[in-house]
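**Student:** Sequence first, predicted model second:
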Number of protein chains: 4
Amino acid sequence: MVISLELDSDTPLYEQLRNQIVIGIATGQLAPEEKLPTVRQLAEELGINTMTVNKTYSLLKQEGYIVIDRRHGAKVSPQLQNHAEPAPELEGQLQLIIAQATIQGIDESKFQKLCAQIFSTMTYQHP
Amino acid sequence: MVISLELDSDTPLYEQLRNQIVIGIATGQLAPEEKLPTVRQLAEELGINTMTVNKTYSLLKQEGYIVIDRRHGAKVSPQLQNHAEPAPELEGQLQLIIAQATIQGIDESKFQKLCAQIFSTMTYQHP
Amino acid sequence: MVISLELDSDTPLYEQLRNQIVIGIATGQLAPEEKLPTVRQLAEELGINTMTVNKTYSLLKQEGYIVIDRRHGAKVSPQLQNHAEPAPELEGQLQLIIAQATIQGIDESKFQKLCAQIFSTMTYQHP
Amino acid sequence: MVISLELDSDTPLYEQLRNQIVIGIATGQLAPEEKLPTVRQLAEELGINTMTVNKTYSLLKQEGYIVIDRRHGAKVSPQLQNHAEPAPELEGQLQLIIAQATIQGIDESKFQKLCAQIFSTMTYQHP
DNA sequence: GTGGTCTAGACCACT
DNA sequence: GTGGTCTAGACCACG
């Protein structure tokens, strides 16, 4: 899985990393139970500090995306929470995006097509 | 138009304010050419620093949402840019949201319904 | 409020600090809305690194004990969650303590007395 | 006696194991003088490293819960220390739990009931 | 002046 | 060899 960080972005490195891993899980590039690189490996590979990767892993763990096993390091959670309703913050973020899209002149049908296209790349399946 | 800020949020105040104004424009609570409060008025009304409101207005101006006329203050842009394609950052944000929704177990049809519902509140029309 | 850290304890510094602040809140040494020392102040006062204090504050924030306002720093949450039922982990910890007490020869009445004595020092009131 | 470990818990395996054995003794699932499985047996049964079980047994021995006889392996101590007063660390742990309970809105009477309920499962008797 | 992020490098606990 | 903790010191974003 390819990860690219923008060093001069407003988004903190640990958050960029977190986002890319979340997308990796949703798109199936990271399968449930799949082992993630060690903190040191990933830090070296990306040219960043181990503490930054560490923070990312802690965050992902806290959010339930990954599980950390003292014996073998970090791996994708075997089964992720299945909610019937979208988390409220997700709804707020979506509202903001749709507002911006509307103003940019993207109408509902274009937007839905874009969503469909993105959804087609998501292969994550709940057990 | 009602604006509510969370002082203890992770999102900076100027960004919360910017987001709410953008949503206000898209939902028609702020019409094109409509005059915005002065920096001082808004700052006092919200109980925050004028610098913060200033920063918001600068950002909105730079993004093209508002125009600033030294004589008459700030007003919503008379004509907002109409793009055929969604801005690339918007697409990235949407991908992240959809990834998270997928993992939370929100499937495409549920998501589409949520989008439709949000779209129905957006009344902004391009001239 | 007096805080004392054991540098050679098994419990990490940031956790010792977190525990003492939690106890401070429960015993009323820290009132709701009360301002906590700044990260730098507390770090210097305790002779530890700012990042350690930072981690403590992040943890307390995540657990809902404190709120961080960009304008004025950290303060005790104005109103803490009121649960009817004890959190399950709390129950597990209590079971372990009672098991150890039982083996040490502390019987139920002694234990209840001890609890009562500790409870009498807790002055936190839900609004 | 059933022992279940969470491989991905924050609590180290050897400590989880130690805790469960202590609870086992207090609840009478392990009687005084009862023989414990050998290090190898237990390690294999739980699918963990023998070093880990070893560490648990050493700890339990050091704390006085078990005695280790090279010829016959480990067994529960025939006579556990009977203290009039609770160990001070136990008191500190209890204070922390009560502080958290208070903040969560569990009042003294609810807490006492919970204690009583847990005590009713403890059958250990001093000789 | 506040907290938040990041680095480089060290040491420790767990398995 | 894994993640977790801690330090000293730096820089940044926010208000």
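**Tutor:** Yep, that arrived. Residues are numbered from 1 along each chain as shown, chains lettered A, B, ... in the order given.
**Student:** Quick check: the residue of chain A nearest chain C.
**Tutor:** A:Q62 (7.5 Å; C-beta to the nearest C-beta). C-betas here are computed from N, CA, C, even on glycine.
**Student:** That residue - how many residues pack around it?
**Tutor:** 10 (other C-beta atoms under 10 Å in any protein chain shown).
**Student:** now it: how far from A:R18?
**Tutor:** As judged by C-beta to C-beta, to the nearest Å, A:Q62 and A:R18 stand 10 Å apart.
**Student:** In chain A, what residue lies closest to chain D?
**Tutor:** A:V67 (4.3 Å).
**Student:** With adjacent residues omitted, what lies nearest to the residue most central in space within chain A?
**Tutor:** For chain A, the residue whose C-alpha lies nearest the mean C-alpha position (C-alpha atoms, centre = their mean) is A:V22; its distance is 1.8 Å. Once flanking residues are discounted, A:V22 sits nearest to B:A99: 5.4 Å by C-beta to C-beta, 6 or more residues apart in numbering or on different chains.
**Student:** can you give me the strands in chain A?
**Tutor:** A:66-69, A:73-76 (DSSP state E).
**Student:** Same list, the ones you listed, but as a markdown table with distance to C:S120, mean pLDDT and mean neighbour count please.
**Tutor:** Shown next, in a markdown table, are the strands of chain A (distance: least, C-beta to C-beta, whole Å; pLDDT from 0 to 100; neighbours: other C-beta atoms under 10 Å in any protein chain shown):
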| stretch | distance to C:S120 | mean pLDDT | mean neighbour count |
| --- | --- | --- | --- |
| strand A:66-69 | 40 | 95 | 19 |
| strand A:73-76 | 45 | 95 | 19 |
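**Student:** Let me have those strands in a markdown table, adding distance to chain B as columns.
**Tutor:** Output for the strands of chain A, formatted as a markdown table (distance: least, C-beta to the nearest C-beta, whole Å):
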| stretch | distance to chain B |
| --- | --- |
| strand A:66-69 | 12 |
| strand A:73-76 | 10 |
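**Student:** DNA strand F: which of those strands is closest?
**Tutor:** Relative to DNA strand F, the nearest member of these by C-beta to the nearest atom of the strand is strand A:73-76, separated by 3.2 Å.
**Student:** what helices or strands is that closest one leaning on?
**Tutor:** Applying 3 or more C-beta pairs under 8 Å, 6 or more residues apart in numbering or on different chains; DSSP states H and E, one finds that strand A:73-76 contacts helix A:50-63, strand A:66-69.
**Student:** From C:T56, how far off is the residue of chain A closest to chain C?
**Tutor:** Applying C-beta to C-beta, the value for A:Q62 to C:T56 is 16 Å.
**Student:** ok, now A:T11?
**Tutor:** Applying C-beta to C-beta to A:T11 and C:T56 gives a distance of 25 Å.
**Student:** Of these two, give the one with the bigger neighbour count.
**Tutor:** The neighbour comparison of A:T11 against C:T56 (other C-beta under 10 Å) goes to C:T56, with 27 against 12.
**Student:** top helix in chain A by residue count?
**Tutor:** helix A:88-104 (DSSP state H).
**Student:** Buried residues of that one, list them for me.
**Tutor:** A:90-91, A:93-104 (16 or more other C-beta atoms under 10 Å in any protein chain shown).
**Student:** do stretch A:48-61 as well
**Tutor:** A:I48, A:T52, A:V53, A:K55, A:T56, A:Y57, A:S58, A:L59, A:L60, A:K61.
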